[in-house]
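**Student:** need coordinates for the below:
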Amino acid sequence: MQLFSVRNLSMNGLMMLLPMRMAFFAFAPEKGDEIPIMSSFLASKPHHPLVEAWEERVQMHWQLETRPNLEYFWLHVLFGKLVQENHAVKELWQRRKKLTGEYGLPGPHLLMPYEQVLAQAPTAQFKELLAKKAEPIYKLTIHDVKFDKRSNSLLQRDGSEFGIRAADSGFEYLMQKTLEEAAIHFERSKEGGSAEWQPDASPFRRDYGLSIANQPMMPGG
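**Tutor:** Model (predicted):
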């Protein structure tokens, strides 16, 4: 599961990335030529030729009796090869709105490494960064940081504790701020006559809430 925090719900924020503004969008690169595209947040109009060419390349790859081992980022590698080898796709890709997904740079991966930012108590600098809403979204993680329900603690990959409760972490602060801003956006949208977002009143929402400490799908739980 991929987890995101939408930091700017205005037409000048996240909406600028979506297909109403362009036919296809992806943050890129994620890690230079090694990971040429960020696949966890994509937006496209139906039947976009770039997406269809990418899908065709994926199908061809998995239909091979003997396939090269492209490891975890196989989807990204296939996309990179497609852009290099297909002139029409390369031309379409070069027209995109260029926003990086590199780790630690302004963009969705700005908060990496997560264990040094989100798995710590939110600092004044961290709160100020979020208040600026400079980035439309931030990608979060449930891979590098695990949650122990029994102790309400955040754990490292090896199972050792960070020494902080989940409820006191940057994860919790960011998720709560996201929920608050979504509610504000909902109220403003009603004033304009169209509610773009509806509060989730389902049993799951009531039982589990948004708090990281209540997420049942967290690894290590």
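**Student:** going forward, measure contacts between C-alpha atoms and count neighbours the same way
**Tutor:** OK.
**Student:** wait, residue 161 sits on residue 153?
**Tutor:** Yes - at 6.8 Å, residue 161 counts as touching residue 153 under the criterion of Cα atoms under 8 Å.
**Student:** which of these two has more neighbours?
**Tutor:** Legend: neighbour count by other Cα atoms under 10 Å for residue 161 and residue 153, higher for residue 153 (21 against 17).
**Student:** leaving out sequence neighbours, find the closest residue to the more buried one.
**Tutor:** Spatially, and ignoring its direct neighbours in sequence, residue 153 is nearest to residue 165 (4.4 Å; Cα to Cα, 6 or more residues apart in numbering).
**Student:** surely that neighbour meets residue 150?
**Tutor:** No - under the criterion of Cα under 8 Å, residue 165 is not in contact with residue 150, lying 11.0 Å apart.
**Student:** which of these two has more neighbours?
**Tutor:** Per other Cα under 10 Å, whichever of residue 165 and residue 150 has more neighbours is residue 165, with 20 against 7.
**Student:** quick check: longest helix of this structure.
**Tutor:** Assignment by DSSP state H gives helix 170-191 as the longest helix of the chain.
**Student:** which elements pack onto that one?
**Tutor:** Here helix 170-191 touches strand 4-6, going by 3 or more Cα pairs under 8 Å, 6 or more residues apart in numbering; DSSP states H and E.
**Student:** give the partner strands of the very next helix or strand once past the strand it packs on in its sheet and their orientations.
**Tutor:** Using DSSP states H and E, the helix or strand that follows strand 4-6 in sequence is strand 24-26. If you go by DSSP bridges, strand 24-26 pairs up with strand 42-44 (antiparallel).
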